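Fold the following for me, if possible:
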Amino acid sequence: MAMNTEDALREYLKLFVRIPFITSIGPLAKMFDFVAQAAPGVKEILAVGKLCWEVRERHYDVVIVDAEATGHIVAQVDAPASLARLVQVGIIRDQTRWMQEILHDARTTGVVVVTTPEEMPVVETMSLIDTLTSTTNVPVAGVVANRVYDDVTTPDDRRLLRDVLLALATLDTQLARDVRAIGAVATLSVERRERAEEHLLTLSGYLTTKAVPLTIVPDLRVASTKINEALAEALAEELS
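Prediction:
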C-alpha cells in the first residue's frame, strides 16, 4: 500500500479518538501540522504507528517497508520513543509503549540497510548504523550490498590484454584502434570492480565489529527476461 499522512491521520482518529468518519479533515490536519512543527516525532508517529498497527493486528504475515532515506529513517523509527519522552501520561503513553515493544524486539523488527559498493553510500551506511545503534533501540537486521559488479576477467585475461595493448600501441590501423578501444573499456571495468572490492572490504570489516550480516547482490540491470530468475538464484546462493 502507498501511505500518506492524511489517510493515516483519518484512520488514527477513527480507531483511537473515536471521531466518526468524516470526508474532510482539513481543519484537524492544519492543527496537526501546527503541533507537528512544535514537537519532535509527532509527524513521524503516524507513519510508523500505522506500520506497527498492521503488525500488532496480524493483518499480514510479513510487513516489508520501503522506508525513508538515511536522513529521515532514524527520526521515523525513533518517533514513539521521542514522543514518549515528551508525553508520559494518558493514551499517548500507552500507544507509544506498545509501538516501542514492537520496534525494539529483534524477533519482530529489523532495519535492513541497502547500499551500493561506492565510497559515499558505504560511508552513509556505516554512519546510519552508528546512529541507529547509539541513539535508538531499533535493531539492525542486516545490510544488502546491491549492484555489485561481476569480475568478468581473470588475472590471465588482464595480463594478455596488457600484452596485446603494448604490441598495438604504435600501430595506427583500424584494427589496432578498435582493440585499444575495447581495452580501455575492459580496463575501466576492472578498475571499477577493484574499487568496489575495496569499499566492500571496508564495509565488511565494519559490519563484523557490529555482528551485522552482509548480503551481496550482483549488478543485474541489463535487460533480460531471465533477470528475476538470476536474482533469485544469486540470493539463494548468497543466503545459503
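
Not counting residues beside it along the chain, what's closest to residue 70?
Nearest-residue entry for residue 70: residue 128, 4.7 Å, with adjacent residues in sequence omitted and distances by Cβ to Cβ, 6 or more residues apart in numbering. In short, each C-beta sits where N, CA and C put it, glycine included.

pLDDT at residue 26, what is it?
The model reports residue 26 with a pLDDT of 54.

no no, residue 51
The confidence metric pLDDT takes the value 86 at residue 51.

quick revisit: I'd say the residue nearest to residue 70 and residue 115 touch.
No. Taking contacts as Cβ atoms under 8 Å, residue 128 lies outside contact range of residue 115: 9.2 Å.

which helices and strands sit right next to the helix or strand containing the residue nearest to residue 70?
Assigned by DSSP states H and E, residue 128 belongs to helix 119-135. Helices and strands touching helix 119-135, by 3 or more Cβ pairs under 8 Å, 6 or more residues apart in numbering; DSSP states H and E, are helix 70-77, strand 111-115, strand 140-148, helix 174-210.

how does it look with 6 Å?
The helices and strands touching helix 119-135, judged by 3 or more Cβ pairs under 6 Å, 6 or more residues apart in numbering; DSSP states H and E, are helix 70-77, strand 111-115, helix 174-210.

neighbouring contacts of that helix?
Contacts of helix 119-135 with the rest of the structure, by Cβ atoms under 6 Å, 6 or more residues apart in numbering, involve 70, 74, 113, 115, 138, 140, 199, 203, 206.

With stretch 232-240 instead?
Outside stretch 232-240, the residues touching it (Cβ under 6 Å, 6+ apart) are 215, 216, 218.

Any figure for the gap between the residue nearest to residue 70 and residue 197?
Distance, residue 128 to residue 197, using Cβ to Cβ, to the nearest Å: 22 Å.

Look at these two and report which has more neighbours.
Set residue 128 next to residue 197 and count neighbours by other Cβ atoms under 10 Å: residue 128 wins out with 20 against 14.

what's the distance between the more buried one and residue 54?
Taken as Cβ to Cβ, the span from residue 128 to residue 54 is 24 Å.

now do residue 123
Look at residue 123 and residue 54: by Cβ to Cβ, they are 33 Å apart.

One more: residue 144?
Applying Cβ to Cβ to residue 144 and residue 54 gives a distance of 23 Å.

With neighbour numbers in mind, choose between those two.
Counted by other Cβ under 10 Å, residue 144 and residue 54 do not tie: residue 144 has more neighbours, with 18 against 14.

Contacts only, for the more buried one.
Going by Cβ under 6 Å, 6+ apart, residue 144 touches 114, 215.

and what of residue 168?
The contact partners of residue 168, taken as Cβ under 6 Å, 6+ apart, are 176, 179.

Please report how far it lies from residue 187.
Using Cβ to Cβ, we find residue 168 at a distance of 14 Å from residue 187.

With residue 171 instead?
For residue 171, the distance to residue 187 - Cβ to Cβ - is 18 Å.

Tell me how this structure divides into domains.
1-109, 111-240 (automatic domain parsing).

worst average pLDDT in those domains?
Taking the mean pLDDT of these, domain 1-109 comes last: a mean of 74.

tell me how far the ends of that one are from each other?
End-to-end distance for domain 1-109, by Cα to Cα, to the nearest Å: 19 Å.

Would you mind listing the buried residues in stretch 99-109?
Applying a neighbour-count criterion of 16 or more other Cβ atoms under 10 Å, one finds 99, 100, 102, 103, 104, 109 buried in stretch 99-109.

ok, and what's touching it?
By Cβ under 6 Å, 6+ apart, the residues outside stretch 99-109 that reach it are 52, 55, 80, 81, 137, 138, 139.
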